[in-house]
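Q: give me a 3D structure for the following:
(one chain, ligands or ions: 2)
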Amino acid sequence: MSTAAAPVRQLDAHTVGELREAAEKLLAEFGMSATSPGLLARIRETAAGFSDTLRHHCRPVDTADGLFVLRGLEVDDTEIGRTPAGWATAGDSGALYDIALLLLATVMGNPIAWEGQQDGRFVHNIVPSPGHETEQTGASSTVLLSPHTEDAFHPGRAHLLMLGCMRNHDHIATTAASVRRTRLTDADLDRLTRAVVPILPDDAYEAAQNFTDQAPPAVPTLFATDDGMTLRYDPAYTPLDDADDAYRAAYGRLSDELARVSVAVSLDPGEVLVVDNDLVVHGRVPFQARFDGTDRWLKRASVRVPGRRTRPPAEAAEHGYGQAALEAHPS
Ligand SMILES: O=C(O)CCC(=O)C(=O)O
Ligand SMILES: [Fe+2]
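A: Ligands and ions are numbered 1, 2, ... in the order given. The predicted structure follows:
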């Protein structure tokens, strides 16, 4: 893994001010709730009025890295208070940044929330939680969070994943690997674009894991678009034992390639990592949590981009294990 610099989009002071003032105004107007329908409507209005400069910084990912870092926002380490001990007790901690993230997300597309995840909130708190150290979820710490497509089990998953950093004293890196940087033989590409095995719901979705109404659909790992390859990948939740040897071997070579091209991005407070969830798989290095209120703390938003053609049309028929995402801005 390399720590090669991710493409950075630096916001100038004026544009940061524009974003911050808008977020402060909405927070003052709506109190502390980051998800009321009234607030969401005002977020949409406000984002529509943003300057061309701010909008330009929110343009789609435009390199094969499949990601960028928005830099310029500042986070006052004292003002934000203690890192919550878990998402369930986070409440409105850092609510200003929930709103700032939703404003940016709304410029990029339509933020989504899942009823079955973090109480249906549009912005998730990603913090290490005692008792969850070794899980394959964002609450883990001592294990490597292996590279995955976010919400890979679902056809309505995000096109973009945004991770905004509140605190990261120990410089713990998010990992990211773009399928557009991998090299695979035509034979492997051919195998991996076939629908052979399903991707099952991850441990963040208890209700989906109990869904037994219909069989899990087999889905392709890779999909060739006019603009290049996209991927849907979550090995920890893919029953590869059900695939034949040739498929397993090809999948293994894809995993090796993703590891080879993986970059480590250690976010500083105020930075927002934007990952194209169709091009890039992300994860996190293992770390020792502090559990003393000063732990690493990220805010996460998921965004759909209307009209994208990065996925196989057959996805439209998938049941999504009974889960549905809520869109912040009804179309
Ligand atoms: O903690 C991180 O850097 C990433 C965690 C993750 O996979 C996520 O938030 O979706
Ligand atoms: Fe993730």
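
Q: C-alpha only now, for contacts and for neighbours.
A: Will do.

Q: now the residue of the stretch 1-150 of the chain found nearest ligand 1: which helix or strand?
A: At 4.5 Å from ligand 1, G138 is the closest residue in the stretch 1-150 of the chain, using CA to the nearest ligand atom. Under the criterion DSSP states H and E, no helix or strand holds G138.

Q: next one: A176
A: Using DSSP H and E, A176 sits within strand 174-178.

Q: what helices or strands is that strand leaning on?
A: Applying 3 or more CA pairs under 8 Å, 6 or more residues apart in numbering; DSSP states H and E, one finds that strand 174-178 makes contact with strand 145-148, helix 245-261, strand 263-265, strand 280-284.

Q: so it, near ligand 1 or not?
A: Yes: with CA under 6 Å from any ligand atom as the measure, strand 174-178 is seen reaching ligand 1 through T174.

Q: alpha carbons only: can I get that strand in CSV?
A: Extracted in CSV, the C-alpha atoms of strand 174-178 (Å, rounded to 0.1, in the frame of the first residue of the first chain):
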residue,chain,number,x,y,z
THR,A,174,-8.7,5.2,5.3
THR,A,175,-7.6,2.9,2.4
ALA,A,176,-8.8,3.3,-1.1
ALA,A,177,-8.2,1.2,-4.3
SER,A,178,-9.5,2.1,-7.7
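
Q: quick one: list the elements packing against the following helix or strand past it.
A: Sequence-wise, the next helix or strand beyond strand 174-178 is helix 186-192, with elements assigned using DSSP H and E. Under the contact criterion of 3+ CA pairs under 8 Å, 6+ apart, helix 186-192 touches helix 245-261.

Q: what does the helix it packs on contact?
A: The contact list for helix 245-261, computed with CA atoms under 8 Å, 6 or more residues apart in numbering, reads 1-2, 177-179, 181-184, 188, 191-192, 240-241.

Q: let's go with 7 Å and repeat that
A: M1, A177, V179, R181, T182, R183, D188, R191, L192, L240 (CA atoms under 7 Å, 6 or more residues apart in numbering).

Q: which of these sit farthest apart?
A: Taking CA to CA as the measure, these span a maximum distance of 26.0 Å, between M1 and R191.

Q: those two: which has the busier surroundings?
A: The residue with more neighbours, out of M1 and R191, is R191; 19 against 13, by other CA atoms under 10 Å.

Q: next, L96: secondary structure please.
A: Three-state call for L96 (DSSP: H, G, I helix; E, B strand; the rest coil): helix.

Q: residues in contact with it?
A: A23, E24, L27.

Q: for L40, same thing?
A: With CA under 7 Å, 6+ apart, L40 has these contacts: A328.

Q: point me to the helix or strand that includes it.
A: Per DSSP H and E, L40 falls inside helix 37-48.

Q: most neighbours of all the contacts of helix 245-261, which one?
A: Using other CA under 10 Å as the neighbour criterion, A177 leads the contacts of helix 245-261 with 28 neighbours.

Q: surely it meets V281?
A: Yes: using CA atoms under 7 Å, A177 and V281 qualify as a contacting pair, with a distance of 5.4 Å.

Q: circling back to that earlier point, can you give me the neighbour number for the nearest residue to the residue of the stretch 1-150 of the chain closest to ligand 1 once chain neighbours are set aside?
A: Counting by CA to CA, 6 or more residues apart in numbering, G138 lies nearest to I126, which is 5.7 Å off, once chain neighbours are set aside. Per other CA under 10 Å, the neighbour tally for I126 reads 24.

Q: and for D52?
A: Neighbours of D52 (other CA under 10 Å): 10.

Q: what residues does the stretch 201-331 of the chain put near ligand 1?
A: Within the stretch 201-331 of the chain, the positions adjacent to ligand 1 are G283, R284 by CA under 6 Å from any ligand atom.

Q: low-confidence regions, the stretch 201-331 of the chain specifically.
A: Within the stretch 201-331 of the chain, the set of residues satisfying pLDDT under 70 is empty.

Q: just the buried positions in stretch 110-122, please.
A: For stretch 110-122, burial by neighbour count (16 or more other CA atoms under 10 Å) applies to N110, P111, I112, A113, W114, E115, G116, Q118, R121, F122.

Q: in TSV, list the residues you listed along with distance to G252.
A: TSV is the format used below for those (distance: CA to CA, whole Å):
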residue	distance to G252
N110	34
P111	33
I112	32
A113	32
W114	31
E115	34
G116	31
Q118	32
R121	35
F122	34
